[in-house]
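Novice: please find the sequence and the predicted model below.
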Amino acid sequence: MAERTKNGVRRLPIGLVLAAAIIAIVAAVGAASRAEVGRPTANPHVSGMEFALATRMTALANGSVGTIEIPRLEIEAPIVDGIDERVMDRAVGRILRTAYPGEPGNVGLAAHRTTHFRELGRVVPGDRIRVRTPDGLFHYRVDTAFVVRPNRTDVLRGDGRARLTLITCFPFDFRGAAPMRFVVQASAIGTEFSTTSRKDQLLAAVL
């Protein structure tokens, strides 16, 4: 039953609110997954029907997505939803409207060239990237790196495959607002899903 506050406004139980949020996320991501699955894919490492429920719920609660590691470049940093200055000053930001790790689609991450991505310019094809989230550990291999103008949003488009795109400003040693963007694109090569079954726990808590 809904409770009434002093001013007469109905207040729904937290369980119902959480259930509604999960149902909305499952419906939205399921539709997106089905659309992606309809496209051809050459990537056998990530299930086309997988969606990052635990990660989405954590990001909804506190903004946290996980961590990124590029071992050869000694890069290790937290990932937080959004790319506003408040986020970028302390973390790598997940670009909104891109996929979450573990989903079919393109995961877009951005960071300042003077902080977490200052060594990104040394990347080479074949470098390995690890992204850890509440849903598991996701492995990527760098395919290419190139420089584009800031309006090249097409680098974030998905093609049905699980991919990762990293973006920072360029040139790395430029003083002031850099005029270009440095882009790294990588393909998913393996997945280690969480053994804690957090998705089942989240669903069981409200069903």
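Specialist: Cool, the structure landed. Remember, predicted model here, so these are calculated numbers, not experimental data.
Novice: lowest-confidence helix or strand of this protein?
Specialist: Ranked by mean pLDDT, DSSP states H and E, the helix or strand of the chain with the weakest confidence is helix 14-37, at a mean of 47.
Novice: quick one: name whatever helix or strand follows that one.
Specialist: Next helix or strand after helix 14-37 toward the C-terminus (DSSP states H and E): helix 53-62.
Novice: after that next one comes which helix or strand?
Specialist: Next along the chain from helix 53-62, counting by DSSP H and E, comes strand 64-70.
Novice: how much space between Met180 and Ala111?
Specialist: As judged by C-beta to C-beta, to the nearest Å, Met180 and Ala111 stand 16 Å apart. Just so you know, the C-beta spots here come from the backbone N, C-alpha and C atoms, and that holds for glycine as well.
Novice: among the two, which residue is more densely surrounded?
Specialist: Ala111 (24 against 14; other C-beta atoms under 10 Å).
Novice: Phe117 is in contact with that one, correct?
Specialist: Yes: here Ala111 lies in contact with Phe117, judged by C-beta atoms under 8 Å, at a distance of 4.2 Å.
Novice: now do stretch 92-107: distance from first to last residue.
Specialist: 12 Å (C-alpha to C-alpha, to the nearest Å).
Novice: now that stretch: buried residues?
Specialist: Using 16 or more other C-beta atoms under 10 Å as the test for burial, stretch 92-107 gives 92-95, 98-107.
Novice: closest to Ser64 among these?
Specialist: The closest of those to Ser64 turns out to be Arg94 (C-beta to C-beta; 10.1 Å).
Novice: for that closest one, give its distance to Arg72.
Specialist: 23 Å.
Novice: now the strands for this protein?
Specialist: With DSSP state E applied, the chain shows strands at 3-4, 10-11, 64-70, 75-81, 92-94, 105-110, 128-133, 136-148, 162-170, 180-193, listed in chain order.
Novice: for the record, mean pLDDT for stretch 80-94?
Specialist: Mean pLDDT, computed over stretch 80-94, is 96.
Novice: what lies in contact with that stretch?
Specialist: 59, 63-65, 68, 77-79, 95-96, 100, 107-112, 115-117 (C-beta atoms under 8 Å, 6 or more residues apart in numbering).
Novice: could you rerun that using 7 Å?
Specialist: 59, 63-65, 68, 77-79, 95-96, 108-112, 116 (C-beta atoms under 7 Å, 6 or more residues apart in numbering).
Novice: related to what we said a few turns ago, what sits in contact with each of Ala111 and Phe117?
Specialist: Listed contacts common to Ala111 and Phe117 are Thr168; contacts here mean C-beta under 7 Å, 6+ apart.
Novice: the residue nearest to Glu119 when sequence neighbours are not counted: neighbouring residues, count only.
Specialist: Spatial nearest neighbour of Glu119, excluding adjacent residues (C-beta to C-beta, 6 or more residues apart in numbering): Leu73 at 4.4 Å. As a burial measure, Leu73 scores 17 neighbours (other C-beta under 10 Å).
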